[in-house]
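Colleague: I'll drop the sequence and a predicted model, then ask my questions.
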Amino acid sequence: QVQLVESGGGLVQAGGSLRLSCAAVGRTFEGYAMGWFRQAPGKEREFVAAIAWSGPSTYTANSVKGRFTISRDNAKNTVYLQMNSLKPEDTAVYYCASSLGVATSAPQVNYWGQGTQVTVSS
(Lines give C-alpha, C1' and ligand atoms only; values in the text may rest on other atoms or scores of the structure.)
Protein backbone atom coordinates (compact mmCIF):
# COMPACT_ATOMS: atom_id res chain seq x y z
CA GLN A 1 0.00 0.00 0.00
CA VAL A 2 1.30 3.42 -0.98
CA GLN A 3 1.55 6.00 1.75
CA LEU A 4 2.86 9.53 2.02
CA VAL A 5 3.46 10.40 5.65
CA GLU A 6 3.85 14.06 6.57
CA SER A 7 5.33 15.53 9.72
CA GLY A 8 6.57 18.86 11.04
CA GLY A 9 3.42 20.93 11.18
CA GLY A 10 2.44 22.97 14.21
CA LEU A 11 1.83 26.41 15.65
CA VAL A 12 4.31 29.20 15.04
CA GLN A 13 4.34 32.96 15.39
CA ALA A 14 4.43 35.20 12.35
CA GLY A 15 7.98 35.55 11.09
CA GLY A 16 8.93 32.11 12.34
CA SER A 17 9.95 28.97 10.49
CA LEU A 18 8.82 25.38 10.13
CA ARG A 19 10.15 22.44 8.18
CA LEU A 20 7.71 19.90 6.81
CA SER A 21 8.80 16.39 5.87
CA CYS A 22 7.04 13.80 3.74
CA ALA A 23 8.24 10.21 3.64
CA ALA A 24 7.01 7.82 0.98
CA VAL A 25 6.49 4.34 2.39
CA GLY A 26 5.28 1.13 0.89
CA ARG A 27 6.94 1.65 -2.46
CA THR A 28 9.66 3.65 -4.09
CA PHE A 29 8.73 6.86 -5.82
CA GLU A 30 11.57 6.65 -8.28
CA GLY A 31 10.72 8.74 -11.30
CA TYR A 32 7.90 10.59 -9.55
CA ALA A 33 7.83 14.32 -8.95
CA MET A 34 6.94 15.37 -5.41
CA GLY A 35 5.26 18.48 -4.14
CA TRP A 36 3.22 20.32 -1.55
CA PHE A 37 -0.26 21.78 -1.69
CA ARG A 38 -2.24 23.56 1.00
CA GLN A 39 -5.87 24.12 1.82
CA ALA A 40 -7.24 26.78 4.12
CA PRO A 41 -10.79 26.60 5.53
CA GLY A 42 -13.36 27.47 2.89
CA LYS A 43 -10.78 27.62 0.11
CA GLU A 44 -9.67 25.29 -2.65
CA ARG A 45 -6.53 23.24 -2.40
CA GLU A 46 -3.72 25.25 -3.92
CA PHE A 47 -0.25 24.50 -5.25
CA VAL A 48 2.70 25.51 -3.07
CA ALA A 49 5.84 23.91 -4.48
CA ALA A 50 7.06 20.95 -6.51
CA ILE A 51 10.32 19.26 -7.37
CA ALA A 52 11.18 16.93 -10.20
CA TRP A 53 12.58 13.44 -9.61
CA SER A 54 16.04 14.36 -10.80
CA GLY A 55 17.94 17.52 -11.51
CA PRO A 56 17.54 20.93 -9.93
CA SER A 57 14.08 21.72 -11.28
CA THR A 58 11.81 23.20 -8.65
CA TYR A 59 8.56 25.12 -8.96
CA THR A 60 7.18 27.53 -6.36
CA ALA A 61 3.94 29.48 -6.12
CA ASN A 62 4.33 33.24 -6.31
CA SER A 63 2.70 33.61 -2.90
CA VAL A 64 5.55 31.76 -1.18
CA LYS A 65 8.46 32.46 -3.51
CA GLY A 66 11.54 33.62 -1.63
CA ARG A 67 10.17 32.25 1.65
CA PHE A 68 9.58 28.53 1.03
CA THR A 69 12.10 26.05 -0.35
CA ILE A 70 11.38 22.51 -1.50
CA SER A 71 14.02 19.81 -1.56
CA ARG A 72 14.17 16.02 -1.66
CA ASP A 73 16.40 13.14 -0.59
CA ASN A 74 15.78 10.33 -3.03
CA ALA A 75 17.81 7.86 -0.99
CA LYS A 76 15.36 8.39 1.87
CA ASN A 77 12.26 8.70 -0.35
CA THR A 78 11.61 11.97 1.46
CA VAL A 79 10.67 15.49 0.39
CA TYR A 80 10.98 18.59 2.55
CA LEU A 81 9.40 22.04 2.64
CA GLN A 82 11.38 24.67 4.51
CA MET A 83 9.07 27.54 5.37
CA ASN A 84 10.59 30.82 6.54
CA SER A 85 9.10 34.23 7.28
CA LEU A 86 5.72 32.64 7.86
CA LYS A 87 2.62 34.80 7.68
CA PRO A 88 -0.86 34.28 9.15
CA GLU A 89 -2.16 33.77 5.60
CA ASP A 90 0.06 30.68 5.34
CA THR A 91 -2.23 28.96 7.85
CA ALA A 92 -3.63 25.83 6.22
CA VAL A 93 -3.48 22.07 6.09
CA TYR A 94 -0.43 21.17 4.03
CA TYR A 95 -0.58 18.07 1.85
CA CYS A 96 2.28 16.13 0.36
CA ALA A 97 1.72 15.06 -3.23
CA SER A 98 3.32 12.71 -5.72
CA SER A 99 2.80 12.64 -9.45
CA LEU A 100 4.26 11.14 -12.60
CA GLY A 101 4.98 14.62 -13.91
CA VAL A 102 5.38 17.85 -12.00
CA ALA A 103 1.92 18.76 -10.71
CA THR A 104 0.91 22.37 -10.20
CA SER A 105 -2.80 21.67 -9.85
CA ALA A 106 -4.64 19.17 -7.68
CA PRO A 107 -6.15 17.06 -10.51
CA GLN A 108 -2.62 16.23 -11.73
CA VAL A 109 -1.66 14.54 -8.44
CA ASN A 110 -1.55 10.73 -8.29
CA TYR A 111 -0.99 10.25 -4.54
CA TRP A 112 -1.81 12.41 -1.51
CA GLY A 113 -0.63 12.42 2.07
CA GLN A 114 -3.06 12.79 4.96
CA GLY A 115 -2.14 16.42 5.61
CA THR A 116 -0.48 18.30 8.45
CA GLN A 117 -1.81 21.48 10.07
CA VAL A 118 0.28 24.65 9.98
CA THR A 119 -1.02 27.56 12.04
CA VAL A 120 0.69 30.94 12.02
CA SER A 121 -0.38 33.36 14.74
CA SER A 122 -0.12 37.12 14.36
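Modeller: Yep, it's here.
Colleague: Quick one: residues contacting the spatially most central residue of the chain.
Modeller: Relative to the mean C-alpha position of the chain, the nearest C-alpha, by Cα atoms, centre = their mean, is the one of residue 36, at 2.3 Å. If you count contacts by Cβ atoms under 8 Å, 6 or more residues apart in numbering, residue 36 has them with 20, 22, 48-50, 70, 79, 81, 94-97. The way it works is simple: take the backbone N, C-alpha and C, and place the C-beta from them, glycine included.
Colleague: 7 Å instead?
Modeller: Neighbour list for residue 36: 20, 48-49, 70, 81, 94-97 [criterion: Cβ atoms under 7 Å, 6 or more residues apart in numbering].
Colleague: which two in those residues are spaced the farthest apart?
Modeller: 70 and 95 (13.4 Å; Cβ to Cβ).
Colleague: Who has more neighbours out of these two?
Modeller: Using other Cβ atoms under 10 Å as the criterion, residue 70 and residue 95 rank with residue 95 on top: 23 against 20.
Colleague: Dig out what the residue nearest to the centre of the chain forms beta bridges with.
Modeller: Taking DSSP bridges, one obtains residue 49, residue 96 as the residues bridged to residue 36.
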